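Structure, please.
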Amino acid sequence: MRKVRIKTLVLGPLQANCYIVRGSETKEVVVIDPGDQVDKIEDYLKENGLECKRILLTHGHFDHISAAEELSNLTKAKICVFEKESKFLIDPNLNLSTFAGGGRLSFEADCLLEDKEEFNEAGLSWQVIHTPGHTEGGVCYLLKDEGVLFSGDTLFYESVGRSDFPSGNHRTLAESINNRLMILDDSIEVYTGHGRPTTIGHERQHNPYL
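Reported below is the predicted structural model:
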C-alpha cells in the first residue's frame with residue numbers, strides 16, 4: 001500500500017508547483033521548490049500540524065526558490081540543492097531574479113547533494129537523480145518505493161524544460177531525460193515543476209521532444 005502523501009501548491013506569477021511531501025504515518029514533511037508566497041506554505045503547515053524538516057530544490061531559478069530562505073528561517077529546515085547548482089542561489093543573474101522585477105535574490109544552501117545520493121526524510125526514502133539540461137545542476141527526486149518522481153523543469157506533460165537560460169543545453173536535456181528518466185518504470189508518476197502530473201509511460205509514448 002502506497003504511503004506517500006503529496007500536497008500541491010501552485011505559487012507565484014509563473015504558477016510553479018510547490019510540493020509538500022510526507023509519509024502517511026508522520027507529521028514531518030519535505031517541501032520541494034517553495035517558489036513564492038511563503039505565507040501559503042506556512043498556513044498549510046500550521047493548519048495540518050506539519051513540521052518542515054528539509055527544503056529540496058530541483059534547480060535554482062527564481063520561480064522555484066524565492067520562498068526558500070524565508071521558509072527555512074521560519075521552520076529551521078535545511079535548504080538542499082545539487083552541488084553544481086549552488087551558485088544559482090547566490091547569483092541573481094543565474095537565478096534570473098535580476099530580470100523578474102521582484103528584487104535580486106541571493107542566499108546560500110545549507111547542504112549540497114550529489115548524484116545518486118540517497119537519504120531518508122519525512123518517513124520516505126529519497127534518491128537524487130542529476131538531470132542537467134534546463135540548468136547544469138538540475139535534479140529530479142525519486143521515491144522509488146512509492147513510484148513517484150518530482151521532475152522540476154526537466155520533464156513536463158508532453159513537453160520538456162527550456163534550454164535557453166544560462167547553462168542550459170537542449171542536447172544535454174534530451175540525454176538526461178532519455179538516459180536517466182526513461183529507464184524508469186512506465187508506472188512512475190511524474191510531478192512536474194509546472195502544470196499537470198504525468199507518468200513515465202505516457203511521456204515515453206506521447207512526448208514529441210523525446
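
What ranges does the protein have for its strands?
4-11, 16-23, 28-32, 51-56, 78-82, 111-113, 118-121, 124-130, 139-143, 148-152, 155-156, 159-160, 189-192, 198-199 (DSSP state E).

What is the fifth one packed up against?
Using 3 or more CB pairs under 8 Å, 6 or more residues apart in numbering; DSSP states H and E, the elements in contact with strand 78-82 are strand 51-56, helix 68-75, helix 86-90, strand 111-113. Any C-beta I mention is one placed from the backbone N, CA and C, and that applies to glycine too.

where in the chain is pLDDT low?
1, 101-102 (pLDDT under 70).

Can you pull up the most central residue in it?
residue 58 (3.4 Å; CA atoms, centre = their mean).

now that residue, nearest residue through space, not along the chain?
Counting by CB to CB, 6 or more residues apart in numbering, residue 58 lies nearest to residue 152, which is 2.7 Å off, once chain neighbours are set aside.

Could you tell me which residues make contact with the residue nearest to the centre of the chain?
With contacts defined as CB atoms under 8 Å, 6 or more residues apart in numbering, the neighbours of residue 58 are 32-33, 64, 138-141, 150-154, 193.

Can you get me a residue count around residue 20?
Around residue 20 there are 21 other residues, counting by other CB atoms under 10 Å.

How about residue 73?
11.

Then residue 210?
Residue 210, neighbours per other CB under 10 Å, totals 16.

related to what we said a few turns ago, just name the closest of the contacts of residue 58 to residue 46, please.
Distance to residue 46, by CB to CB, is smallest for residue 32 among those, at 18.8 Å.

pretty sure that closest one is touching residue 21, no?
Yes - if you go by CB atoms under 8 Å, residue 32 and residue 21 touch, sitting 6.4 Å apart.

Next, show the common contact partners of these two.
Here residue 32 and residue 21 have residue 150 as joint contacts, going by CB under 8 Å, 6+ apart.

which residue sits closest to residue 12, ignoring its sequence neighbours?
Per CB to CB, 6+ apart, closest to residue 12 is residue 36, 3.1 Å.

if we can go back for a sec, could the strands of the chain go into a markdown table alongside distance to residue 206?
Formatted as a markdown table, these follow (distance: least, CB to CB, whole Å):
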| stretch | distance to residue 206 |
| --- | --- |
| strand 4-11 | 22 |
| strand 16-23 | 20 |
| strand 28-32 | 25 |
| strand 51-56 | 28 |
| strand 78-82 | 28 |
| strand 111-113 | 31 |
| strand 118-121 | 31 |
| strand 124-130 | 22 |
| strand 139-143 | 19 |
| strand 148-152 | 15 |
| strand 155-156 | 12 |
| strand 159-160 | 10 |
| strand 189-192 | 12 |
| strand 198-199 | 9 |
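
Brilliant, that's me finished.
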